[in-house]
Structures are given as C-alpha cells and as structure tokens.
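K.L.:
A structural model of the following input is requested.
(chains A and B)
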Amino acid sequence: MISISGLLGQAFAILLALVLAPLLSGWVGQCRAWLQNRTAPPLLLPYYQLQKLFHKDVVLAHGASSLFRAAPFVVFGCMVLACAIIPSLSTDLPLAPAADAIALVGVFGLARVFISLAAMDVGTSFGSLGGRREMLIGFLAEPALLMVIFTLAMIAQSTSVATIVETLAHRELVIYPSLAFAGVAFTFVSFAENARVPVDNPATHLELTMIHEAMILEYSGRYLALLEWAASLKLYAYSCLGLALFFPWGIAPGDDLLALVAAIPLLVLKLAIGGALLAGIETINAKVRIFRAPEFLGTAFMLAVLGLLVRLLLESKV
Amino acid sequence: MSSAIPFSAQLINLFAAVILLLAFAMLAQRRVVALINLFAMQGLTLCLSTLVVAVSTGQSHLYYSAGLTLLLKVLLLPWILHRLVRKLNVKSEVEALINIPTTMLVGLVLVMIAFNVALPISELSHTITRGTLGIALAVVMLAFLMMITRQKAITQVVGFLSMENGLFLAATSATYGMPMVVELGIALDVLVGVIILGVFFFQIRDQFDSLDIHHMERLKDN
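P.N.:
Here you go, the predicted structure:
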C-alpha cells in the first residue's frame, strides 16, 4: 500500500512546507509593503528572524508552568501534521489516513486551545485578552470551515482530504456553483484564522487591537521562533488547502515522480499569486472592530451553508 | 450524475447562484449607493441568465426580455436611483430594524423554506431551468425580508425591485418567461412605480425632513 515514491513525496511535502512557509510570509509582507508605498523588507526576512530568535536565550516569566513551555512544540507539531496531510504536491500521502478533513479542523483547534491556554498561563492581562479573543474568533470560524468541508465532502462522497482533492482534480469540467460559495466562505475563514487584516493585523503591536500578537507576547527565544514558524506554517497550510480544493490542477496523482517534480514550480507559482492577492485584499480593507468580527464570520458561515443548500438543490439530481 | 447536466444548464445554475448571492449581499449591505450597484449587478446577472436560456432553447422572445432587463434594470433604474440619492442627499448608513447577522440567519431559514417549497413544484416542470425555481422563490422572499427590516424608503424600493428580479427569474425558470405583453406591462409598471416613488421621496422628505418611514406611522391632521 505504502510505496517508496509515496514516502518520498510525503517527506518532501513536509520539508517543502517547512522551507516555503517563512518564504510565503516574507512574500506577503513584501507585497504589502509595495502596495502601501513603503520600502519592502527583504524577502528572506522571516528566515533571518527565525535564525536570530533561535540563537537568543529564553526568558521565562516567574509563574510559567510546563504548559507554557510545551505549548510552542504542540502548536508547531499540529501545524506540521496539518501541512503533511494537506495534499500540496501529490494526493498519494501515506500520512493522509491519519486525519480526514474533519480531524484536520480538529488539529487546528488543538493548536488553538494550547496557544490560548499558554497565553493565559502566565497571568498577564494581555495574554488572557488575546486568548479570549482567539477563542471567540475560533468558535465562529470553525463551523464555517466545517460547512465548507461538508459541501466538498458531498461532492467527493468522502471526508478524506486526499480523496476530495483527487475527485476535484480529475473530474470532467462541470461548473459547481456550490464550489464558488464554499470558496468565498473558505477565503473569509482563512483570513480570520490566520490573523489577517479584516479581523486582526499581523503587523500591529497596538495593545487594544491585537489578537495573535497578544497571545505570544510573553514568549522569547526559540519558543517565539517556533510560534512564528508555526504561524507561517498555518498560513501555508491554509493557502495549500485552498489551492488544493479550489484550484487543484497540477497536483500529482498517485505515484508519479515526474508529475511530483512538475508540481513544485506550479505550487510555488500558485502560492506567489495567492500571496500577492492576499496582500492586495489586506491593503484595500480596513481592520474591523472586534465586535464586527462575528458579522464577518457569520457571513462566511452563511455562504458555506448556502453552498451546501445550492449543492442539494441544483447539483444532486438530474 | 452531475455530468448529465448540459453545459447551458450549468451556466444557468451558476447565474442563479450568483443572483442568490447578490440577494444576500444586498441584505447585508449598509450603504445605499453600494446597494443600488448590487441591484444593477443582480439585473445584469439576470439578463445574462435569460440570454443563456434564450440561446439554449431558441425561444426568441427571451432575447427581447433580456434586452429589456438590460435596458431597464441595469441602466435606467439604477441611474434614476443614483440620481435620487444624489438629490435627496442620503449617503449615510442604512439602519436596519434587526442587526445584520440575525437578518442573515433569518434569510438562511427563508432560503431553506423556499428550496423545500419549490422542490415538488419544479419536478412537474420540464424546462432545463427548473432547478432554479427554488432560488427564484428564495430571492423573492429575501427581497421581502429586506423590505421588512429596512427603515429608509429608498432601500424599500430597492427591495421591491429586487423582488421583481426574483419573479422574473421564477418566470424564466418555470415556463421560459411570461408572454411579451405581460412582460412589457410589468416593466412599464416597475418603471412608472419607481418614478412615482421618487416623487414620493421628495414629498416625504419635505414633510418630515427625513426618509425614515417610521415618521409616517402617525399621519394625523393636527
């Protein structure tokens, strides 16, 4: 069942995720700077930051428990697992049976719980504030994400991510209106989940508005490096999931090494376009108040449910 | 299964889905000008969908319908509405009676009801567009909801026009459009209706210094 090329592909996908994720964050940051008429930071800035942080000493708060120290590893591990089961290059992934699409949402949820608990662990007010806001966003984003996944699972008749992507990539050209709804809803959710602009600003350190940054305020040194890396891995995972689900062309089917190699430049190209679009959307939108976030995510949920209904009404029969 | 649907039907389904999406966008929109633009986009989508039906079924009168839609709902009515908004100087946010997320959830329930109601009806029909009947019904109900939950007179008129869009979609999806005379009559009615309502807006504003129709609940001669 597990082939050599499958194992190779799996290992390569994980490695590529680890390497490409900071690059994607750097690219988005660069595009944002260009669009805002600022001098762009170097493309490799996230790598420099990671290197710097890994060489720094860790300063721990007095009240920090072992949970505080374990959380970065758990979060990082969750994100690597997520990147491993999302078919970014090929659909032949030996790790794919480890978690289907619903469990994938759970993996993201696990990371969220740990990072929120760790934020509250030290007992600073900003940490608790960030943790609570993160849970608010999370509990609104998760149902929308699940609805998107249910729509896709109904099309593919399976909840396994690899099977869904394979079905979508190798179907004949049929227009699915439900896919359009699900795609927009998924975009909304990924903006909220990755702390991007309409919901949170990844570049801000203004106490009153930050969510993600508030949670990792107490971290330093290699823990902070792991969390920063995990954040870029999350962005990478969501981008790859979106690309695989809604633009699945070029993903290698099964055990074809040549197609696997050909899939790499295509993935990089798709990520580059996606990152530039993300920066563009972030530039033309203003960050909404935290109390408007439920409205934003409510829209995402509504779109996802509409996709499900449209799927039932228009596409199931005939 | 899905592959059995011909390409034109897929296009029509796609357009119908976009019309539904725009109906929800209108329900969620707070600004009047953007609302009118959304209405124009809905009209354009309706026109394209009618064109596809016309091409795929060879019903020649549908071409006229599509042209009429384009002229009236994409160009003329939005232009009149934009002009009214400019003249009346209403650019502020539209206030809704219920907050937007709740409205959306109510809308979602309405869509479910509409889909369930339309399902047995559309089984009786033999047009290639029969699947969109549920969407048409949903658009009508969403437009109703918009008229109920909005306070400003202009948004209620946009809701009324959007409802007409839904009815038009229902007509094309159930029976390939109404007879030409009826269609012309409705188009003229809508046009005249908007013009008369435009005059009303000025009267309402002169009387109450506002377009909030709540002031009209106590109409007494005193």
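K.L.:
tally of neighbours for the residue of chain B found nearest chain A?
P.N.:
The nearest approach of chain B to chain A comes at residue B:17, 3.3 Å away (CB to the nearest CB). Using the backbone N, CA and C atoms, a C-beta is placed for each residue, glycine as well. Neighbours of residue B:17 under the rule other CB atoms under 10 Å in any protein chain shown: 27.
K.L.:
next, the contact list for it, please.
P.N.:
Contact analysis of residue B:17 by CB atoms under 8 Å, 6 or more residues apart in numbering or on different chains lists A:177-178, A:180-181, A:310, A:314, B:135.
K.L.:
which ones among the residues you listed are found in helices?
P.N.:
Of those, the ones assigned to helices by DSSP state H are A:177-178, A:180-181, A:310, B:135.
K.L.:
nearest residue to the residue of the stretch 1-150 of chain A found nearest chain B other than its sequence neighbours?
P.N.:
Residue nearest to chain B within the stretch 1-150 of chain A: residue A:140 (10.1 Å; CB to the nearest CB). The shortest distance from residue A:140 to any non-neighbouring residue, by CB to CB, 6 or more residues apart in numbering or on different chains, is to residue A:297 (3.9 Å).
K.L.:
check the spacing between the one you found and residue A:198 real quick.
P.N.:
10 Å (CB to CB, to the nearest Å).
K.L.:
distance-wise, check residue A:31 relative to residue A:265.
P.N.:
The separation that residue A:31 has from residue A:265, given CB to CB, amounts to 19 Å.
K.L.:
got a list of what whichever residue of the stretch 151-300 of chain A sits closest to chain B touches?
P.N.:
With CB to the nearest CB as the measure, residue A:177 is the residue of the stretch 151-300 of chain A nearest to chain B, at 3.3 Å. Taking CB under 8 Å, 6+ apart, we find residue A:177 in contact with A:310, A:314-315, B:13-14, B:16-18.
K.L.:
show me which pair in those residues is furthest apart.
P.N.:
A:315 and B:18 (15.0 Å; CB to CB).
K.L.:
tell me, how many neighbours does residue B:160 end up with?
P.N.:
17.
K.L.:
tell me the buried residues in stretch B:13-26?
P.N.:
B:13-24, B:26 (16 or more other CB atoms under 10 Å in any protein chain shown).
K.L.:
picking up where we left off before, and residue A:31 and residue A:265? Which one has more around it.
P.N.:
residue A:31 (20 against 10).
K.L.:
I figured that one hits residue A:274, correct?
P.N.:
No. Shown here, residue A:31 and residue A:274 do not form a contact pair, counting by CB atoms under 8 Å, at 10.6 Å.
K.L.:
does the residue nearest to residue A:186 when sequence neighbours are not counted lie in a helix or a strand, and which?
P.N.:
Sequence neighbours aside, residue A:148 is the residue nearest to residue A:186 in space, at 4.9 Å (criterion: CB to CB, 6+ apart). In this assignment (DSSP states H and E), residue A:148 forms part of helix A:125-156.
K.L.:
now that helix: average pLDDT?
P.N.:
For helix A:125-156, mean pLDDT rounds to 91.
K.L.:
pull out the buried positions in the next helix or strand after it.
P.N.:
Downstream of helix A:125-156, the next assigned helix or strand under DSSP H and E is helix A:161-169. Going by neighbour count (16+ other CB under 10 Å), the buried part of helix A:161-169 is A:161-169.
K.L.:
can you list the residues you listed in JSON lines and add distance to chain B and pLDDT?
P.N.:
Shown next, in JSON lines, are the buried residues of helix A:161-169 (distance: CB to the nearest CB, whole Å; pLDDT from 0 to 100):
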{"residue": "A:161", "distance to chain B": "21", "pLDDT": "86"}
{"residue": "A:162", "distance to chain B": "21", "pLDDT": "85"}
{"residue": "A:163", "distance to chain B": "17", "pLDDT": "85"}
{"residue": "A:164", "distance to chain B": "15", "pLDDT": "87"}
{"residue": "A:165", "distance to chain B": "17", "pLDDT": "86"}
{"residue": "A:166", "distance to chain B": "16", "pLDDT": "83"}
{"residue": "A:167", "distance to chain B": "11", "pLDDT": "83"}
{"residue": "A:168", "distance to chain B": "12", "pLDDT": "83"}
{"residue": "A:169", "distance to chain B": "16", "pLDDT": "80"}
